[in-house]
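Enquirer: Compute the structure for the input listed below.
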Amino acid sequence: MADDAHHAIVRGRLNGSGPVAVIDIGSNSIRLVVYERHARTPTVLFNEKVLAGLGRGVGATGRLSDAATEQAERALVRFRRLCDQIGVGYLHILATAATRDADNGQQFLDAVEAICRTPVRLLSGRDEARLAALGIVSGIWRPDGIVGDLGGGSLELVELKHDVIGRGQTLPLGGIRLQEEADGKTAKAQKIAEQALDNVDWLPIGSGKPFYAVGGTWRSLARLHLHQNGYPLHVMHDYAIPAEEAIEFCQLVARRDPDSLDMIEVVSRARRQLLPFGAVVMEKVLRRSKASKVVMSALGLREGLLYDLLPEETRRQDPLVEAARELSVLRSRSPAYGEELIIWTDKLFPAVGIDETEYERRLRAAGCLLSDIGWRAHPDYRGEQSLNIISNAGFVGIDHPGRAYLALSVFYRHQGLVEDALGPRIRELAHTRLKDRARVLGGALRVASVLSASVAGILPQVQVAVDEGEVVMTLEGELCALAGERLNKRLTQFARLLGLKARVETRP
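Expert: Numbering: from 1, shown residues only. From the prediction side, this is the model:
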């Protein structure tokens, strides 16, 4: 076991409860994920998978093969040692369809428990569906639609509205199982998928709503789509594809040899042969559900389990704001200043006539917390560095337009309210209203930074109001010394965004 004192003094980490790990034993892969701590937005500390293919042959023989179990056990020996080395305090082990369906599944689980010195939780199809849905709840803001979790052995479908889980069903349409039952032929796979989906009479409730896709094969499919389209972000979580476009893409992948597809190198060789079968299932589900779009999720069973174990109060936290708060603690000069910015702009935006939806208020709060994370960079590059960190950060609870808003607002805060140094692609992700509000927030952050030097204690004492077409900032008492040309200039720039004039008023 690694020395506890060694981990207690690590800088740049939020230790909290200490590392927590989940081993997910699936039909295709066995994966170890170690998280920094058990929190509303768990950050991955270590991630490794082995494609053991436990599910191969189970449909025909009813048994896990000796070769697959031996490979799996070797991987688990390494995983247990890594957990000890990292100092994992809590290890959870989940097993899914292949182990559940195999005659020698229990024998394998006994070996797993002996190796890992930890009980294994064998999930039923209903358990899988529920935890996959909770994974979506943990990482997508107020989801409303159908969740599909495609593994190697099974497909779990479940209805979800915000945090309420509705009907669910498990189907034998996992990638490995479907490939084997169809003898490697996608035409036959299509008929098998259609027949299986005939038994899911509630799928039309997803009409006009998102379909939330979970699972490695579907993520590989989306990654291929993303790269083929030259998409400016390589963040898979919350990547959205209109349903009609997704159906056409799935049809293309299903009828082509995977190795002949453009940009196929972005998909690992071990995943490529399952792509056509994952595409077949996605196409059929989208057609039956009449979903509006596919939304990819990087979170699934493992994150659903951790979310399920959180106290109710923690589950109610906003995952985006909490993630931004953690990054602020790790990188900002004064995390308390970020919290003050939220309160200050809560008052400022209504005062200057900026209306916001709840979604936009969440984004603004996160932007305030992230406003100073680039301060250690050279001044000429703080905006660019912040934009790159934010647009590619492992945030959840935010879609890609929202990422663009956050990245742009903090870019403007450092670089000024100009577009010259900003590449056009990131702006394309946000619609006009969001881009406008990103500039307004960036302007407000520029005023606050020059007023307070980005440290706590000043903003709560400063009032800003609009009086007869002017944005008026009032400084009282000792704060009058903060008045000056630079503050006037930035306040004027901010006011100009709103079609107003500006002045700083002092009251000694």
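
Enquirer: Under a three-state scheme, what state does Arg427 occupy?
Expert: Put simply, Arg427 is helix when judged by DSSP: H, G, I helix; E, B strand; the rest coil.

Enquirer: isn't it right up against Ala404?
Expert: Yes - between Arg427 and Ala404 there is a contact at 6.9 Å, judged by Cβ atoms under 8 Å. C-beta coordinates here come from the backbone N, C-alpha and C atoms, glycine included.

Enquirer: ok, Val471 touching Arg496?
Expert: No - Val471 is beyond contact range of Arg496, at 9.5 Å (criterion: Cβ under 8 Å).

Enquirer: And the two? Which one has more around it.
Expert: A count of neighbours by other Cβ atoms under 10 Å puts Val471 above the other of Val471 and Arg496, at 24 against 14.

Enquirer: so how far is Gly443 from the more buried one?
Expert: Using Cβ to Cβ, to the nearest Å, Val471 is found at 10 Å from Gly443.

Enquirer: joint contacts of the two?
Expert: Any residue near both Val471 and Gly443 by Cβ atoms under 8 Å, 6 or more residues apart in numbering counts here, and that gives Phe494.

Enquirer: Common neighbours of Arg427 and Ala404, please.
Expert: By Cβ under 8 Å, 6+ apart, the residues touching both Arg427 and Ala404 are Lys435.

Enquirer: These two: which is more packed in?
Expert: Ala404 (25 against 16).

Enquirer: Torsion angles phi and psi at that one?
Expert: The phi/psi pair for Ala404 (degrees, to the nearest 10) reads phi -60, psi -40.

Enquirer: pLDDT score for it?
Expert: At Ala404, the pLDDT value in this model is 94.

Enquirer: Contacts only, for Glu476.
Expert: Applying Cβ under 8 Å, 6+ apart, the residues near Glu476 are Gln461, Thr506, Arg507, Pro508.

Enquirer: Not counting residues beside it along the chain, what's closest to the third one?
Expert: It refers to Arg507. Excluding the flanking residues, the one nearest Arg507 by Cβ to Cβ, 6 or more residues apart in numbering is Glu476, at 4.6 Å.

Enquirer: Same check on the second one?
Expert: Residue nearest to Thr506 in three dimensions, not counting chain neighbours: Cys480, with 4.2 Å by Cβ to Cβ, 6+ apart.

Enquirer: And that neighbour, how far from Glu505?
Expert: From Cys480 over to Glu505 the distance is 10 Å, taken as Cβ to Cβ.

Enquirer: Contacts only, for the residue lying farthest from the centre of the chain.
Expert: Distance from the C-alpha centroid of the chain peaks at Pro508, with 49.2 Å (Cα atoms, centre = their mean). Counting by Cβ under 8 Å, 6+ apart, Pro508 touches Glu476, Gly477, Cys480.

Enquirer: Check what pLDDT it gets.
Expert: The model's pLDDT for Pro508 equals 90.

Enquirer: Please identify the buried residues of stretch 393-410?
Expert: Neighbour-count burial for stretch 393-410, counted by 16 or more other Cβ atoms under 10 Å, picks out 393, 395-410.

Enquirer: before we move on, what about stretch 89-104?
Expert: Neighbour count says stretch 89-104 has 90-102, 104 buried, by 16+ other Cβ under 10 Å.

Enquirer: One more: stretch 166-183?
Expert: So, applying 16+ other Cβ under 10 Å, buried residues of stretch 166-183: 168-182.

Enquirer: What's the end-to-end length of it?
Expert: Start-to-end span of stretch 166-183 (Cα to Cα, to the nearest Å) is 34 Å.

Enquirer: just the strands in this structure please.
Expert: 20-25, 30-35, 44-50, 90-95, 120-122, 144-150, 155-161, 164-171, 210-214, 240-242, 293-296, 463-467, 470-476, 501-507 (DSSP state E).

Enquirer: partners of the second one, with directions?
Expert: Sheet neighbours of strand 30-35, with direction, are listed as strand 20-25 (antiparallel), strand 44-50 (antiparallel) (DSSP bridges).

Enquirer: cool, the longest one as well?
Expert: According to DSSP bridges, strand 164-171 has the following sheet partners: strand 155-161 (antiparallel).

Enquirer: buried set for the partner strand?
Expert: Leu155, Glu156, Leu157, Val158, Glu159, Leu160.

Enquirer: and which of those residues is nearest to Ala222?
Expert: For those, the residue nearest Ala222 by Cβ to Cβ is Leu155; the value is 16.3 Å.

Enquirer: Give me the neighbour count for the spatially closest residue to Arg302 that is not a sequence neighbour.
Expert: Leaving aside its sequence neighbours, Arg302 sits nearest to Val22 (Cβ to Cβ, 6+ apart; 4.2 Å). Residues lying near Val22 (other Cβ under 10 Å) number 21.

Enquirer: partner residues bridging Val22?
Expert: Beta bridges link Val22 to Val33, His92 when assigned by DSSP bridges.

Enquirer: how near is it to Val137?
Expert: Per Cβ to Cβ, Val22 is found 17 Å from Val137.

Enquirer: again with Glu283
Expert: Counting by Cβ to Cβ - Glu283 and Val137 are separated by 26 Å.

Enquirer: Which of the two has more residues huddled nearby?
Expert: In this view Glu283 and Val137 are compared by other Cβ under 10 Å, and Val137 has more residues nearby, 25 against 21.

Enquirer: List the single closest residue to that one in space, sequence neighbours excluded.
Expert: Asp163 (5.0 Å).

Enquirer: in stretch 58-65, what's buried?
Expert: Val58, Gly59, Arg63, Leu64, Ser65.

Enquirer: unless I'm mixing things up, the last one is touching Gly57, no?
Expert: Yes - counting by Cβ under 8 Å, Ser65 sits close enough to Gly57 to count as a contact (5.5 Å).

Enquirer: all helices of the stretch 101-250 of the chain, in order?
Expert: Secondary structure of the stretch 101-250 of the chain (DSSP state H, counting those that start in this stretch): helices at 105-116, 125-139, 175-181, 186-197, 216-228, 243-255.

Enquirer: Could you take these and lay them out as CSV, with extra columns for mean pLDDT and distance to Leu434?
Expert: Converted to CSV, the helices of the stretch 101-250 of the chain look like this (pLDDT from 0 to 100; distance: least, Cβ to Cβ, whole Å):
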stretch, mean pLDDT, distance to Leu434
helix 105-116, 96, 46
helix 125-139, 95, 21
helix 175-181, 95, 37
helix 186-197, 97, 37
helix 216-228, 96, 21
helix 243-255, 97, 22
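
Enquirer: ok, the residue lying closest to Lys501 once chain neighbours are set aside to Ile354 distance?
Expert: In space, and not counting its chain neighbours, Lys501 is closest to Glu470: 4.7 Å by Cβ to Cβ, 6+ apart. Separation of Glu470 from Ile354 (Cβ to Cβ): 16 Å.

Enquirer: the more surrounded of those two?
Expert: Relative neighbour count places Ile354 above the other of Glu470 and Ile354, with 18 against 14, counting by other Cβ under 10 Å.
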